[in-house]
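[1] Got a predicted structure here, sequence first:
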Amino acid sequence: MKSSAALLLLMLGVTCGRGDAQTTPLPPPYAGAYQPQGVDEIGLWREDDESERQLAVSNLVVRDEKLTAYVKQVLCDTVGEDRCKSVRVYIVREPTFNATMSPNGTMRVFSGLFLRVHSEAELAAVLGHEFGHFEQRHSLADFKSLRSGTDVLAWTAVLVNLAASYNTRRVYRDVELSVYGHLYRYNRDQEREADRLGIAYLNKSRLRPQAASLVWQNIMAEVEVSARHRGLKKPNFNVIAFTATHPPHGERANYLSVLALPEGADRDSGADRYRAMLAPWIPLFLEDQVRLNDFGGSEYLIEALAQAGWTAGLWFARGELYRNRGNQRDLVQAADFYARAIEIESGMADAHRGLGLSLMKTGRPSDGQKALQAYLDLKPGASDANMIRMMLPKEVTGP
Amino acid sequence: MIWLAIVASVSAAVTAPAAAQERSAVKQGFELAAKSNKKILLFRPAVRVGAQSTGGLFEPNAEWTEQAKANIEAALHQFQESLGNEVVAAPEAYGDDARNLHEHMALFAAVSQSVIEYQFFVGNRLPTKKRDNKTQVFDWSLGKGVAGLPGAADADYGLFIYNRDAYGSTGRKVLQVFAAMGGVSVTSGEHVGYAGLVDLKTGELLWLNADAAMGGDVREKDGSEKRVRQLLEDFPGSDIPKAVAE
Amino acid sequence: MSFHLPKMIATLVAAHLLLVATAAPAHKLRLRGEAVAVAGSTVTVTPSRDWNTLSRKVGKNTETWTVDGEQLNDVTFFAGIPAGMPLVRERSKKRDPLPKFTKTTLLVEIPELLEGTYRTYKNSGSFRLLSSEPGRFLGKDGVSFAYEFIDVDELTRRGEALAAIIDDKLYMITFEAPRLNYFDAMASDFRALASSAVLR
């Protein structure tokens, strides 16, 4: 057991440091139906209830009972049925890596998260971490510290205005109570505490606790690739909302792997169940990502997903990514990726479209037109069918 | 009688000059006779009370908020009763109805902000709205969709109320001085309110009152009544004498 | 075309500071029936009703018109975006680059370019293309398309646009308004405005 865990750490390239790692703390006892206390907390809950009212009817929420129930179940499996009763889960359609939990028990899971975790255990690591903040009521402590925190930001805002930004006033209304919830920024010690709790939940669960460290390694890699493709010297880890004020990722990946129960390494990570459950949604969430103009990050995510095997959907997403960037070399590669998608799934209409457009732009109009014709044959009622038809020679009207 | 009420009352509260204004307007031709027994549907009033730190972080205070909400609702009922109108709270909505209401509330907010930014206050008015002011035109609408809102079929008008109060701290007043040098105004303690009356058949905005610097401490019963008076003093058919300063 | 600050800053600015710019340049009146050149270009339009030109621009070679404020009706002209340029001003060329119009961009890809710009700028997944059809703009063959998106103010807005590529430059006019009431109310005036556009 021990040796396999050590081997795993070795494979992950994580150094355990000295042998004085803290022992895994046990989760605190369940506190029961908690009621807010004191002016700040009661006020915060009231605001939070109001915010949740809006969230519940927002069009930005993905209303899929099955997916929502699944995420809730993974949370329950992680923190225990008793604890998870106090939580309502909402899935928000936004392509960022983020999940938040607010004081009254509202958990927001952003759709971008689903591209970045690859198993139930990894999902559980993120959910458990957020739940740790909740159980320790960090947002209250955080709110109290924010009072001085935003004081700094207020000065910044005034300075920004001195620089006469063109759209400072293009703010439609008080978005503070928006469905996205409040801006919570925890300090590093709170993050560490939530990490320790998160991993303690995982250790006690049926899932593999080593997944927590993997999540952080993957984020670091994604942000680095994204920055490199933008020609930036230094990756900015703050671009990911979830990680903005978190401990340095290297440190975190390290201690998370040390705290993970070595025996847990033999447990199931639930990767197959996770993939099966998310299968209907991944193409949509991937499209949201690919259209973000983050070439490096998107490429990294596609390749990470492809580790479980290249699918037509992944080849297609990669084709879209390259065609959107649009250099000549990109277009040639895009055509290749679309062709691979078609090889796997010949009826994938949009792949024929992408192939056709890429070929048209790389000096192969007759092949391109054939592909576009295939697109129209597969999807005669496509929203852009008439535009595509214009690109075909007049005499070729049917198969 | 066709009229466009424009009241610019100067508040005695410590605020930046640009924000110390109140205005209201009534749609041309709209008149609400006293004792006309109209049924007014009140959409969940957004009432929030708290304190404000230097950074402007709104510190919610549940007790103040509940108190203010109860006070304002009571004052509202009393006030409309005296006008001969009946105020009924909009029923709780669910599912598609709730989403539709949510979107209409968001539209009301957008329209109100537009009126405030582009028609009411000097400095950023749109030329066409400036001209409307001269010819006493007040033409805004939420659209006929309002007729389908929960409870709308049984009422004549919809009343939307937005009210937000924050009581300023000293650090904030210092910041104000620096901000003024940069050509921005930072209000010290926000007392913002707006109220709007919408025709539930046509969606037309019949009356809107906006006040970026209101008086009356809504945490107190007297203050709440004063606030409702301020929000509604230009309410069509109102005979409330206009308060000038705090 | 409506763009605002990143959410976090927007939240702070909107909620915590009432920032009122003092000396903003004035918005201009555009009178019905009077031909006028837009966005410092040779694109000339003759409006079918009175409009306002906003003093603020979303980017180089653009101009925004409105009747009731851009959150309620927004017509934006993109008058000759050269190859290699984004549609609207980038927050940061390095860190937040926007998709660019390129020499190889096809007409049928213009809706995707607008979509990518919105999604990237707003970091949102809520943009949906509804349709795209062949259309005429500035006397040339172009593309006419419709879309929908949800903004942070929780309003679902509908959009309609006409675009053409002339001498390797992108010319486009977009109209956006809340789907509740405002889109239908102004759509015919927008279409009249778009079809009045000529290159002088």
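    Great, that's in hand.
[2] ranges for the helices of chain C?
    Using DSSP state H, the helices of chain C run over C:7-16, C:110-122, C:182-195.
[3] pLDDT on the first one, on average?
    Right, helix C:7-16. Averaging pLDDT along helix C:7-16 gives 33.
[4] now do stretch C:113-124
    Mean pLDDT, computed over stretch C:113-124, is 88.
[5] now swap in stretch B:141-161 and tell me
    When pLDDT is averaged along stretch B:141-161, the result is 92.
[6] Please apply the same query to stretch B:108-118.
    85.
[7] wait, what's in contact with residue 127?
    No chain was given, so I picked chain A. A:71, A:74-75, A:78-79, A:99, A:107, A:109 (Cβ atoms under 8 Å, 6 or more residues apart in numbering or on different chains). For glycine as for every other residue, the C-beta is placed from the backbone atoms N, C-alpha and C.
[8] please go with chain C instead
    By Cβ under 8 Å, 6+ apart, the neighbours of C:Phe127 are A:291, C:115, C:118-119, C:147-149.
[9] Give me the number of neighbouring residues for B:Tyr94.
    12 (other Cβ atoms under 10 Å in any protein chain shown).
[10] Can you show me the helices along the stretch 101-250 of chain A?
    Ranges of helices within the stretch 101-250 of chain A are A:113-116, A:120-135, A:138-162, A:188-204, A:211-229, A:249-259, based on DSSP state H, counting those that start in this stretch.
[11] Make JSON lines from those helices and add mean pLDDT to it.
    Shown next, in JSON lines, are those (pLDDT from 0 to 100):
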{"stretch": "helix A:113-116", "mean pLDDT": "94"}
{"stretch": "helix A:120-135", "mean pLDDT": "90"}
{"stretch": "helix A:138-162", "mean pLDDT": "46"}
{"stretch": "helix A:188-204", "mean pLDDT": "85"}
{"stretch": "helix A:211-229", "mean pLDDT": "86"}
{"stretch": "helix A:249-259", "mean pLDDT": "80"}
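[12] and those, which is most packed in?
    Of the helices of the stretch 101-250 of chain A, the one with the most neighbours on average (mean count of other Cβ atoms under 10 Å in any protein chain shown) is helix A:120-135, at a mean of 27.
[13] That helix: how far from the chain's middle?
    Centroid separation for helix A:120-135 versus its chain: 13 Å, with Cα atoms, centre = their mean, to the nearest Å.
[14] can you give me the angle that helix makes with helix A:188-204?
    130 degrees (axes from the mean of the first three to the mean of the last three Cα atoms, to 10 degrees).
[15] Output helix A:120-135 as CSV, nothing but the C-alphas.
    What follows is helix A:120-135, C-alpha atoms only, in CSV (Å, rounded to 0.1, in the frame of the first residue of the first chain):
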residue,chain,number,x,y,z
GLU,A,120,-15.5,12.1,-9.7
ALA,A,121,-12.5,12.2,-7.3
GLU,A,122,-11.2,15.4,-8.9
LEU,A,123,-14.6,17.0,-8.9
ALA,A,124,-15.0,15.9,-5.3
ALA,A,125,-11.7,17.6,-4.4
VAL,A,126,-12.9,21.0,-5.7
LEU,A,127,-16.4,20.6,-4.2
GLY,A,128,-14.9,19.5,-0.9
HIS,A,129,-12.6,22.4,-0.8
GLU,A,130,-15.4,24.9,-1.3
PHE,A,131,-17.5,23.1,1.3
GLY,A,132,-14.5,23.5,3.7
HIS,A,133,-14.8,27.3,3.4
PHE,A,134,-18.5,27.0,4.0
GLU,A,135,-18.2,24.8,7.1
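[16] what inclination does it have with respect to helix A:249-259?
    Using the same axes, to 10 degrees: helix A:120-135 against helix A:249-259 is 100 degrees.
[17] how much does helix A:120-135 deviate in direction from helix A:211-229?
    Going by the same axes, to 10 degrees, helix A:120-135 makes 100 degrees with helix A:211-229.
[18] Would you mind giving the helices of the stretch 101-250 of chain A as TSV with distance to A:Arg329 added?
    Formatted as TSV, these follow (distance: least, Cβ to Cβ, whole Å):
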stretch	distance to A:Arg329
helix A:113-116	26
helix A:120-135	34
helix A:138-162	39
helix A:188-204	42
helix A:211-229	14
helix A:249-259	32
